Structure formats: C-alpha cells, structure tokens
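# Generate coordinates for the sequence data below:
(chains A and B, ligands or ions: 2)
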Amino acid sequence: MQVIFKKGSSKKAKNLTELKPGEAGVLGKLDLPDDDAQRLMEMGFVPGHSITRGLSAPGGDPRVFRVDGSEVALRRETALRLILR
Amino acid sequence: MGDCHGCPNNIATLPPPPGLAVAGSNGAISRRHIVAIVGPPNSGKSTLFNRLTGLRQKVANFPGVTVEHRMGRVKLEQGREVFVVDLPGVYSLTPRTEDERVTHDVLSGQMKDIPRPDAVLLILDSTNLSRHLVLAAPVLSLGLPTLVILNMADDLKNRGGDVNVPELAMQLGSPVALVSAAKGTGVEKIFQFLTGATLGAAPKAPLIQLPVIQDIPKCRAWATSIGNKTGYHAPAPPLWTRRLDAFFLHPVGGPLVFLFVVAAVFQTIFNGARPLMDAVQALIEVSGRWIGYLIPNAALKSLVVDGIWKGVGSVVIFLPQILLLFLFIGILEDSGYLARAALIADRTMARFGLQGKSFIPLLSAYACAVPAIMATRTIENKRDRIATILIAPFMTCSARLPVYILIIGAFIPDRHFLGPFMSMRVAVMLGLYVLGFVAAILTARLLKSTVLKSGRSSFMLEMPPYRWPTARSLALRLVDRSKVFLMRAGTVILATAIIIWVLSSLPIHDGKPPAIEHSIAAGIGHFVEPVIKPLGFNWKIGIGLITSMAARETIVSTLGTIYGIQDTGSQHGLQQALRQDLTLGGAVALLVFFAFAMQCMSTIAVVRRETGGWFWPAVQFAYMTGLAYVCAFLANRIVSIWA
Ligand SMILES: Nc1nc2c(ncn2[C@@H]2O[C@H](COP(=O)(O)OP(=O)(O)OP(=O)(O)O)[C@@H](O)[C@H]2O)c(=O)[nH]1
Ligand SMILES: [Mg+2]
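Ligands and ions are numbered 1, 2, ... in the order given. I've put the predicted structure just below:
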C-alpha cells in the first residue's frame, strides 16, 4: 500500500534512517508491501504523524522509534522504506 | 514460561459443553454466557482475567505473552456466573500470526470448543489511549455489548494524564470503566457489566458513526477526534524507561551489564543455593532414616528408602537451584527487559536467518521448551516459526540443570577460573549453555539456507515501559514452578524410581534380591551397553539414558536408586560413586549428550501439535539424537586422549 501525500517535488525524500537520535520528522508514506504497511500503521506509523528517533541496539540496528505514545523497534531495511515528508 | 510439562497448556476450568443449558441458582434455565477479553498486546488482559477469575494465567511485561485462548469462570452475585475468555493481544481484527488468529476465530465464532461470545471486554491502555482507541472501531463494529476498559489507571495518574470517562462513554456509545487491573481499583464496574451481560441487559450495538475499519489512517483520525472531544490528556513520557534504556541499550555498557548479570546468576545457582540445597538434602536423609526405622520388613524398607526416598530425593534437592533460575527469568520478563534483549539479539539472529522475535521464545526455552514452542505463535513468517520450533529444545532447559550440576559437581574441580568471580564449575556450566545456543543457531542457519528458506522477514517489536516486578507476581511464579516440579517428582520420577528398584531387585534367589550386577536392570543395561560404550558410558548410565527419555532429570533419580541400592548413601555419595564408575571423558560425553539430545515426551507432543503432524517432530528427534551421539563420541575421544 502506498499512502501518498502530495508534496513539493524534491529530488530525494528523506527516510526514517536519516533521523538523528532525538530528531523528529513527519511520516509521509510507507513504501512497503501491503500487509507490512498495514501492521506498521496499526502500530502507530500513520502518515501525518510525527516520529522521533530513539536509541538503537548496540551496533546501530535495529532502531527504536517513538511514535504515537509508544516505542517500536524496526530494522534498517524497514525504516528505509518509511519516507518522511 | 510459567507452565511446563506438568501442566499441559490450557487446563482451564472447563465449562459445560457449548449449547448446554445450565440451571441458575434461582431455578431458571439460563444459557451459559461467554465474554471475550479483547485488547492490544500488553494492555493487561491476562492481569484482568486473573483478577476476575482467580486463576493464574501467565502475565509478563512484553507483547505476545498469551498465545492461546483460556476460559475461566467469574462468580457474580446471587449465584450467577459468567465465563470470560482471555485472548492473545491484537492490533486489529485482521490476523497476521497464529496467536492473532486465535482471537479472530473466537470472536467470529469459528473456534471449535467456544461458542461466539455474548459480550466483549475491550481493554485498552489508558496511558496510550489515542492509539489504542483505533482497535475500538473494529471491535465495536462487531455489534456485541462492549465494555471499554481503560486500564493502567494508576500509571495514568502518576504520570499526570487525564480522561473524561462519562464523555468518552457518550462518544463511544458504550459503557467505559477506568480501572487498574493490577491494583484492583475500579473493577466493580466490570462486575456490574458482567451481571448485566448474564441478564441480557447490557446495551447492544453502539449507535455511533464508525469509520471504515479497513482504513487505518481514518480510524486513527477518528480516535484522535474522540480523544480531543473527551479532553484526553496524554501522560508524560515514562522518564525512567528512557533513563534505563540509555543504560541497557548503551553500545558497550549494555551487553557488558547483561553478561555480568548472567555470570552472577550462575554463580548464585552454584554457590548461593548450596546452603538451601544442603538443608533439603539433610532433611531428606534424616527423614529417610526415620522412615527406615519405622518399616520392619526388609524388602519394603529397601523399596521405600533406597528406591523411592533416595531416587526421588536426589532430584528434589535441585529445587532451590531451579527456583533461582525461574526467579531470574521472572525478573527479566516482568521488568520489560526481555523485549530489549530481543532487540539486542536481532542482528545476531538475522545473521542466522531468523529475527529478534524468535529470540523471545528461545529465551523462554531456558525455563522449558514446551511454553517456548507455544510462544513461537507470535512469529509472522511460517518458515521462521517452524525453524524456531525446531531449534528451541537445544536451549538449556531447567530439566537439564540437575544433570549438569550433578556431573559438574562430581568431575570438575572447584577452582578459580578468571579470578575469584568465576569458578571453574561456573565456567563449564556457562559453556554448556553457550553450547546449546550455538547448536541452536547453527541449526537455524542450516534450516534457513535449505528446506526453510524464505525472504528476510521484517522485525517490528513494541518496547514496553519498564515496570517493577512485584514480589507477589514473582512469588506466584515460584510457587507454581515448585508445584510443577514436585508434581513431576511425585509422578513420572516416582514411578520410574519404583520400576528401577523392582528391576534392580529381581530375580529373587533364595528369598534374597540379587547383587545388582545380576539383576534384570543390569541385564537391560548390558543389552544397550554396546551402543553407548563408545561414548564412555557403562550400563548404569545406559539405564539412566533410557529413563531420561521420559524427562531429562529422571536420569538423576535413576542413578540415585541404582547407587542407592548399592548403598553409597547421600548425594555426595552419588557423586563419589559416579567418579568411580565414569572416566572424565565419559562425564564430558554425558554432558554433551544431554546438551543436544531431545529427551522429552512433552516437547515431542507439543511440536506435533504446533506443526500439525509427525513429520517435524520425527526429523527433530532423529537430528538431535544423532547429533548428541556423534558429539558425545567425539567429546569422549578427545578428552580421553588429552586427559
Ligand atoms: N501499572 C500497571 N501495570 C499493569 C496493570 N495491568 C497490567 N499491568 C502490567 O502490564 C503488563 C502486561 O500485563 P498482561 O496482563 O500480561 O497483558 P496482556 O494484555 O495479557 O498481554 P499479552 O498476553 O501479551 O497480549 C504486566 O507487566 C502487568 O503487570 C495496571 O493496572 N497497572
Ligand atoms: Mg495475556
């Protein structure tokens, strides 16, 4: 599923992995297969919501993101497909 | 991890069969009423279930604890009763995993032995209400009478959050209760609702406009608007959780702290539990002698004292150590650290083709493989799930502990290794735990690169806030564990002890039992001896291996009985006897054999059930036993040459 929000044409959209610890961004779209996107949205990764990067496992992957009142750990490969506005 | 072999999953208070009319105390015939407890993972469903029913469903602080439905009876006023069903946590009513399917099936009336519920207790975490309300849309659209329970009221208050309950009830068109399932505040409202449900008086489908439930962004927007209208004030973020995470997830400090804690636990299991263990042992010895005095008949005396007391007693003395292990696991689970451990392990697991979520069942397999195999239901990918089921029995379960402690105590000198903090014995013990884990992940690698190949699966795991493990919850875990352990000692282990005693005391010549070398037991032992001789085992170990097929720790009681008849006396006597009968090579081989072999009926049964056939348990049994044999053989050879 792709939930696309209109956005000015920038050359490259930022994704979740580019957030620094403590930095926040607003989710634009989930560029993932349907069922993964569905589950992530159920866990709070809904387009338009703010996401803050938290800590990560030693080694930097997976990372924890604070979203909608809870903390969810995601692997880098998943975070790469979550595009910020 | 609370339940184990002793209590096969789900012996709930069984209600009468569905459809059967039950006479209420007022004489009227009333139908059996069923109320489902639904909610997101880790919102406190099982805590509430326990509070309502007085049962002891497992509670822990990470998502995905409950993986099966469980029914329990709630007694209401005037002799009325209602059955509540605890269900696995779900994020929506679209199932993605086996445990979520259970919830889906129960709610839609497709579960075999449960009729469709008459009402729903929807339990949401009040500290995270906006997001949890998303689940209200699909649940309310079921059209069943629903009580919306906002749990963790204590937490909400402590962290300065607030919600207007009557207003929320208006907006949702359903009654709402703000409760703390853990503390028990506000549960009267739940009893009221349940009473209403038995009378058919609970309000039916809500008269509100619900969003299209497939459209999650819409549902989320709906939840926000409801939150705003009812003046929901989200609590401050859990500060302590952030602080602790900065510590436990520190790139260097985190893993170090973990290793330090693990080493300390093993050290305690060995040394801290000693006095307790000695006390239990003294008690068994003294009581055994007393019973001996009381029994005049020599044969009967031998059966009771040598067969039963020494056999069963040699296992029972390990109870303190096993409880220590469970205490440690309980603290890990209740505090919320387990989810962090899964996070830390994910990278390593990925290298072996699995993901962090597989790590949670693997950790619980340190207690017992049976609940661990059940816990794999939370893994989305089918092949990952099977792989995790197949490797779980390699993890060092608590039934191996008595065997390890006995053999290590007998053969490994009590010397310092790595300074005063870690003794040689502790090091060997840790080594065996590592050995099991390495075998598990290498097997996973093998499986995932051949028969169970699949694309990389995604890892998404919610990190719960840290909570203090309560003394009560930890105590209950230990009590339950002791019951299971003693239950096993009183059944399987007792029965084998008696059988072994009988086999060791026959055939009778001139009214006297034979010397043990000429008994039937020895006959059986000598029969299998050629197979196990290359591993360095004698016939007595052979008998122990046969009985350990039922459950691993049975080998200890069997050896206790055999050597008990030989009259070597106490536990230290058992260790001494083993030292005379077994070379160092044989002892190491025995440890290796136990690390790898699949000697557990309950595990085989649960693997069959969870994989839906005999194929996987057969493969698993052959593989593990084969590996155990080959590695034990090599261990014996290598140690014999080197020593
Ligand atoms: N502070 C507080 N903690 C609670 C309350 N109710 C439950 N908990 C804690 O929340 C955690 C989860 O409780 P469970 O009852 O296992 O949750 P569950 O919904 O059954 O979880 P799953 O079976 O994994 O879906 C445990 O650590 C409980 O002690 C409460 O009212 N207040
Ligand atoms: Mg539960």
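# going forward, measure contacts and count neighbours with C-alpha atoms only.
Fine.
# ok, so what distance separates the spatially closest residue to A:Ala57 that is not a sequence neighbour from B:Val252?
Nearest residue to A:Ala57, sequence neighbours excluded (Cα to Cα, 6 or more residues apart in numbering or on different chains): B:Ile344, at 5.0 Å. B:Ile344 is 12 Å from B:Val252, where distance means Cα to Cα, to the nearest Å.
# what do those two both touch?
A:Pro58 (Cα atoms under 8 Å, 6 or more residues apart in numbering or on different chains).
# Of all the residues in stretch B:425-444, which ones are buried?
For stretch B:425-444, burial by neighbour count (16 or more other Cα atoms under 10 Å in any protein chain shown) applies to B:425-427, B:429, B:432-433, B:435-437, B:439-441, B:443-444.
# rewinding a little: of B:Ile344 and B:Val252, which one has the most company?
Set B:Ile344 next to B:Val252 and count neighbours by other Cα atoms under 10 Å in any protein chain shown: B:Ile344 wins out with 26 against 12.
# does that one belong to a helix or a strand, and which?
In the assignment (DSSP states H and E), B:Ile344 maps to helix B:337-351.
# what's that helix in contact with?
Helix B:337-351 is contacted by residues A:57-58, A:61-62, A:73, B:62, B:248-249, B:332, B:355-360, B:441, B:461-464, B:466 when judged by Cα under 8 Å, 6+ apart.
# just checking: which of those residues also lie near ligand 1?
Residues of those in contact with ligand 1 (Cα under 6 Å from any ligand atom): B:Phe62.
# quick one on the thing from earlier: format the buried residues of stretch B:425-444 as a markdown table; extra columns: secondary structure, distance to B:Gln575 and pLDDT.
Output for these, formatted as a markdown table (DSSP: H, G, I helix; E, B strand; the rest coil; distance: Cα to Cα, whole Å; pLDDT from 0 to 100):
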| residue | secondary structure | distance to B:Gln575 | pLDDT |
| --- | --- | --- | --- |
| B:Arg425 | helix | 15 | 84 |
| B:Val426 | helix | 17 | 83 |
| B:Ala427 | helix | 19 | 86 |
| B:Met429 | helix | 17 | 87 |
| B:Leu432 | helix | 19 | 92 |
| B:Tyr433 | helix | 22 | 90 |
| B:Leu435 | helix | 24 | 93 |
| B:Gly436 | helix | 24 | 93 |
| B:Phe437 | helix | 27 | 92 |
| B:Ala439 | helix | 28 | 94 |
| B:Ala440 | helix | 30 | 93 |
| B:Ile441 | helix | 33 | 91 |
| B:Thr443 | helix | 34 | 94 |
| B:Ala444 | helix | 36 | 92 |
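# still on that earlier bit, filter the contacts of helix B:337-351 to the buried ones?
Judged by 16+ other Cα under 10 Å, buried ones among the contacts of helix B:337-351: A:57-58, A:61-62, A:73, B:62, B:248-249, B:332, B:355-360, B:441, B:461-464, B:466.
# In helices, which of those residues fall?
Using DSSP state H, the subset of those located in helices is B:248, B:332, B:356-360, B:441.
# Does anything pack onto the lengthiest helix in chain A? Which helices or strands?
Counting residues, the longest helix found in chain A (DSSP H) is helix A:34-42. Applying 3 or more Cα pairs under 8 Å, 6 or more residues apart in numbering or on different chains; DSSP states H and E, one finds that helix A:34-42 contacts helix B:216-229.
# Packing partners of the helix it packs on?
Packing partners of helix B:216-229 (3+ Cα pairs under 8 Å, 6+ apart): helix A:34-42, helix B:129-132, helix B:165-172.
# And those helices: which comes nearest B:Ile500?
helix A:34-42 (55.1 Å; Cα to Cα).
# Now do that closest one: distance to the chain's middle.
12 Å (Cα atoms, centre = their mean, to the nearest Å).
# before we move on, what about stretch B:330-344?
14 Å.
# Likewise for stretch B:122-136?
With Cα atoms, centre = their mean, you get 28 Å for stretch B:122-136.
# That stretch and chain A, are they touching?
Yes - residues of stretch B:122-136 are located near chain A by Cα under 8 Å from any Cα of the partner chain, namely B:128, B:130-131, B:134.
# Where does B:Pro251 fall, secondary structure wise?
Using DSSP H and E, B:Pro251 sits in no helix or strand.
# Apart from its neighbours in sequence, what residue is nearest it?
In this structure, B:Pro251 finds its nearest non-sequential neighbour in A:Pro58, 4.1 Å apart by Cα to Cα, 6+ apart.
# which parts of chain B sit against ligand 2?
By Cα under 5 Å from the ion, the residues of chain B that approach ligand 2 are B:46, B:66.
# contacting residues for whichever residue of chain A sits closest to ligand 2?
Nearest to ligand 2, among the residues of chain A, is A:Met43, at 18.0 Å (Cα to the ion). A:Met43 sits next to A:72, B:91, B:131 when contact means Cα under 8 Å, 6+ apart.
# Could you tell me which ranges of the chain sit under the pLDDT cut-off?
No chain in the question, so chain A it is. Residues of chain A that meet the criterion pLDDT under 70 lie in A:1-12.
# right idea, wrong chain: chain B
For chain B, residues meeting the criterion pLDDT under 70 lie at B:1-31, B:200-209, B:419-421, B:456, B:510-511, B:564-572, B:643.
# What are the boundaries of the strands in it?
B:22-23, B:29-30, B:34-38, B:70-75, B:81-86, B:119-125, B:146-151, B:176-178, B:416-417, B:422-423, B:460-463 (DSSP state E).
# other SSEs contacting the fourth one?
When contacts are defined as 3+ Cα pairs under 8 Å, 6+ apart, strand B:70-75 packs onto helix B:45-53, strand B:81-86.
# And the first one, how far out from the chain middle?
So the one you mean is helix B:45-53. For helix B:45-53, the separation from the chain centroid amounts to 19 Å (computed by Cα atoms, centre = their mean).
# now check that helix, is it near ligand 1?
Yes - between helix B:45-53 and ligand 1, judged by Cα under 6 Å from any ligand atom, the touching residues are B:45-47.
# so what secondary structure elements neighbour that helix?
Counting contacts by 3+ Cα pairs under 8 Å, 6+ apart, helix B:45-53 packs against strand B:34-38, strand B:70-75, strand B:81-86.
# Are the first one and ligand 1 in contact anywhere?
Meaning strand B:34-38. No - Strand B:34-38 stays clear of ligand 1 (Cα under 6 Å from any ligand atom), getting no nearer than 8.3 Å.
# Extract the C-alpha trace of that strand and format it as CSV.
Provided in CSV are the C-alpha atoms of strand B:34-38 (Å, rounded to 0.1, in the frame of the first residue of the first chain):
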residue,chain,number,x,y,z
ILE,B,34,-19.4,-16.0,27.4
VAL,B,35,-17.5,-12.7,27.5
ALA,B,36,-14.3,-12.2,25.5
ILE,B,37,-11.4,-10.1,26.7
VAL,B,38,-10.0,-8.3,23.7
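# all helices of chain A, in order?
Secondary structure of chain A (DSSP H): helices at A:34-42, A:76-79.
# Pull the residues that contact the last one.
Yep, that's helix A:76-79 we're talking about. For helix A:76-79, the external contacting residues (Cα under 8 Å, 6+ apart) are A:15-17, A:32, A:61-63, B:458.
# ok, of those, which come out buried?
A:15-17, A:32, A:61-63, B:458.
# Domain boundaries for chain B, per the record?
B:4-229, B:479-642 (automatic domain parsing).
# what about the last one, start to end distance?
Meaning domain B:479-642. Start-to-end span of domain B:479-642 (Cα to Cα) is 45 Å.
# about what we covered before: can you point out the buried residues in the helix holding B:Ile344?
Judged by neighbour count using 16+ other Cα under 10 Å, the buried positions of helix B:337-351 are B:337-347, B:349.
# Check stretch B:145-164 too.
Going by neighbour count (16+ other Cα under 10 Å), the buried part of stretch B:145-164 is B:145-156, B:159, B:161-163.
# what sits against B:Gln599?
Contacts of B:Gln599 (Cα under 8 Å, 6+ apart): B:548-552.
# What of B:Thr230?
Contacts of B:Thr230 by Cα under 8 Å, 6+ apart are B:163-165, B:167-168, B:171.
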